[in-house]
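**Student:** return a 3D structure for these sequence lines:
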Amino acid sequence: MAGKFALKKTTHGKFQFNLLAGNGQVILSSEVYEAKASATAGIESVRKNAPDDGRYERLSAKDGSPYFTLKAANGQVIGQSQMYASTASRDTGIESVKTNAPGAVIDDQTA
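**Tutor:** Numbering: from 1, shown residues only. Here you go, the predicted structure:
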């Protein structure tokens, strides 16, 4: 099963998306957007930037947990991962975004 973007409306009427791997696991989460059109543009930005390894910033949380962000060409963060148990699992997560994002369909759950 291919990955997909799950586009949702928050309880405050704003918009957010998650990139899900084929197994349904969340591999990247967006910021919260004011408008649906902005969230859709964010999805397109993830699709465009995901294949470029240079767009990923490999980070560690205060507790040492590895995670990553995906940045657009202008340096703005367009998605963040979950916290991982190891750098190897974080790097596997990055590869999953690279594989799933470019062809992922949008599952619009905002209606």
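**Student:** run through the bridge partners of residue 79.
**Tutor:** Counting by DSSP bridges, residue 79 forms beta bridges with residue 70.
**Student:** okay, strands next: where are they in the protein?
**Tutor:** Secondary structure of the chain (DSSP state E): strands at 4-9, 15-20, 26-29, 56-60, 66-71, 77-80, 105-108.
**Student:** export the ones you listed to CSV and tack on mean neighbour count?
**Tutor:** Yep, even glycine has a C-beta here, placed from its N, CA and C like the rest. Shown next, in CSV, are these (neighbours: other CB atoms under 10 Å):
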stretch, mean neighbour count
strand 4-9, 18
strand 15-20, 21
strand 26-29, 20
strand 56-60, 15
strand 66-71, 19
strand 77-80, 19
strand 105-108, 13
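**Student:** nearest to residue 46, out of those strands?
**Tutor:** Among the strands of the chain, strand 77-80 comes nearest to residue 46, with 5.6 Å by CB to CB.
**Student:** burial count for residue 31?
**Tutor:** Using other CB atoms under 10 Å, residue 31 has 16 neighbouring residues.
**Student:** what sits against it?
**Tutor:** If a contact means CB atoms under 8 Å, 6 or more residues apart in numbering, then residue 31 has 16, 42, 77, 78 as its contacts.
**Student:** low-confidence bits of this structure, can you list those?
**Tutor:** Where the chain drops to pLDDT under 70, the residues are 1.
**Student:** would you turn the strands of the chain into TSV with distance to residue 38?
**Tutor:** Converted to TSV, the strands of the chain look like this (distance: least, CB to CB, whole Å):
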stretch	distance to residue 38
strand 4-9	11
strand 15-20	7
strand 26-29	15
strand 56-60	22
strand 66-71	17
strand 77-80	11
strand 105-108	14
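**Student:** among those, which is nearest residue 48?
**Tutor:** strand 77-80 (9.5 Å).
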